[in-house]
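A.B. asks: whatever this is, show me its structure:
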Amino acid sequence: MKLLDKYIIVKFLTAFFFTVVMLVSVICVIDYTEKNDDFIHHNLSFGHVFTHYYIYLFPYFANLLSPITIFLAVVFVTAKLAARTEIVAMLASGMSFMRLLVPYLMGAAIIGALTFGLVGWVIPKATKEIVLFESLHVKEPYKYEGRNVHMKIGPKSYVYLESYSSGSNTGYHFALETIDGTVLRRRMTADNLSWDSTKHVWKMSQQLVRSFRGNQDESLQTIPARDTTLNLYPKDFANTYRLAETLTSPELDALIDNKILRGSDDTDQYLSVKFERYAYPFDILILTFIGVVLSARKSRGGVGGQIALGFVLAFIFIIFVMLSRNLAQVGSMPPLLAAWFPGMVFSAIGLVLYRFVPK
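C.D. replies: All right, here's what the predicted structure looks like:
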């Protein structure tokens, strides 16, 4: 690594760090102002709020705003170099523009690798604390409101509940069906079942079991109330508010596998989050490339105009990410394509812009 590479990388990473600290600090102050009434209502001191909420919210916001902070850091450093004609001197000495990009991409790779580790294992744990705090002090108490719930709990096993009380962990008008292809083989019904948190079993009221062969009833059996286990748990009816964000990558993979097994209709929502985590480091490289391309020319208007343009493009990128995510969640776009679509669009933009940079 040459001295020039180290010079640019240090400037880039330093600018990125201070941009993150300043921008996220401002966002946290605004957030505190908006939620202060809730904190006062629950008699929470600033120290308690800081140590139980904002210490976890800071890295969450840092990751959320990383497209903006990356753009700002790249534009600020590159525009400063261009304003002092340092880039002109580098290119005049025979350095190619692609060679100039190398230290920026190396710095972006460092940030991308760090981001991948954070979003996969660290930030989910922080988000879990954020969700816990908000559920206790900001959000309304959770109540499961699903009706006529159908779940697949095995290759041939399906559960039905007319309603479920999350307060008492009790389900009403329960049915367990065994279906072979399109043929109903067995159906068990019970008025209710409730979760025993000590034994970790379901306490089921008297059951009526009907077994079928073809169109004829084979047997009808009544079973007294008993304890039983099912591939069904209270967590299946728990609050799913930001659930995907609270799961580490291995936990998210396990949840997705379980949802695929059950045939859940919200699987794409979690697949989208999974693929976004893998696409994010590459998006950072793309945004860095565009930032250098945009700010490498010396501007008569100074650095301010280039920083403003960086802000605009970063916000457009975030809008693309949110739009793609929503399209994936409603089934209008495959989750894999949705995760990579913003990067693909901005890659094309970067290649077009590259044609106009000084050589």
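A.B. asks: just to confirm, which helix or strand has residue 177 in it?
C.D. replies: Per DSSP states H and E, residue 177 falls inside strand 170-180.
A.B. asks: mind listing what's buried along that strand?
C.D. replies: For strand 170-180, burial by neighbour count (16 or more other CB atoms under 10 Å) applies to 170, 171, 174, 175, 176, 177, 178. C-beta coordinates here come from the backbone N, C-alpha and C atoms, glycine included.
A.B. asks: what's the closest of the residues you listed to residue 270?
C.D. replies: residue 171 (23.7 Å; CB to CB).
A.B. asks: which residues touch residue 313?
C.D. replies: 71, 290, 294 (CB atoms under 8 Å, 6 or more residues apart in numbering).
A.B. asks: residue 180 versus the second one, what's the distance?
C.D. replies: Taking CB to CB, to the nearest Å as the criterion, residue 290 is separated from residue 180 by 56 Å.
A.B. asks: and for the last one?
C.D. replies: As defined by CB to CB, residue 294 lies at a distance of 61 Å from residue 180.
A.B. asks: about what we covered before: ok, the strand holding residue 177: who's next to it in the sheet?
C.D. replies: If you go by DSSP bridges, strand 170-180 pairs up with strand 157-165 (antiparallel), strand 183-196 (antiparallel).
A.B. asks: buried ones in the biggest helix by length in the chain?
C.D. replies: Using DSSP state H to define each element, the chain has its longest helix at helix 3-41. Across helix 3-41, burial judged by 16+ other CB under 10 Å covers 8-9, 11-13, 15-16, 19-20, 23-24, 27-28, 32, 35, 39.
A.B. asks: same question, stretch 140-159
C.D. replies: 144, 151, 152, 153, 157, 158, 159.
A.B. asks: export that stretch as PDB, just CAs?
C.D. replies: Extracted C-alpha coordinates of stretch 140-159, given in PDB (Å, rounded to 0.1, in the frame of the first residue of the first chain):
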ATOM      1  CA  GLU A 140     -49.500   0.500  23.300                       C
ATOM      2  CA  PRO A 141     -49.600  -2.900  25.000                       C
ATOM      3  CA  TYR A 142     -49.600  -5.700  22.500                       C
ATOM      4  CA  LYS A 143     -52.700  -7.800  21.900                       C
ATOM      5  CA  TYR A 144     -53.000 -10.500  19.300                       C
ATOM      6  CA  GLU A 145     -56.000  -9.800  17.100                       C
ATOM      7  CA  GLY A 146     -55.800 -12.600  14.500                       C
ATOM      8  CA  ARG A 147     -59.000 -14.500  13.800                       C
ATOM      9  CA  ASN A 148     -59.600 -17.800  12.000                       C
ATOM     10  CA  VAL A 149     -55.900 -18.600  12.100                       C
ATOM     11  CA  HIS A 150     -54.500 -21.400   9.900                       C
ATOM     12  CA  MET A 151     -50.900 -22.800  10.300                       C
ATOM     13  CA  LYS A 152     -49.000 -25.600   8.900                       C
ATOM     14  CA  ILE A 153     -47.000 -27.300  11.700                       C
ATOM     15  CA  GLY A 154     -45.800 -30.400   9.800                       C
ATOM     16  CA  PRO A 155     -45.500 -31.900   6.400                       C
ATOM     17  CA  LYS A 156     -49.100 -33.200   6.700                       C
ATOM     18  CA  SER A 157     -50.400 -31.400   9.800                       C
ATOM     19  CA  TYR A 158     -52.400 -28.200   9.900                       C
ATOM     20  CA  VAL A 159     -53.700 -26.200  12.900                       C
END
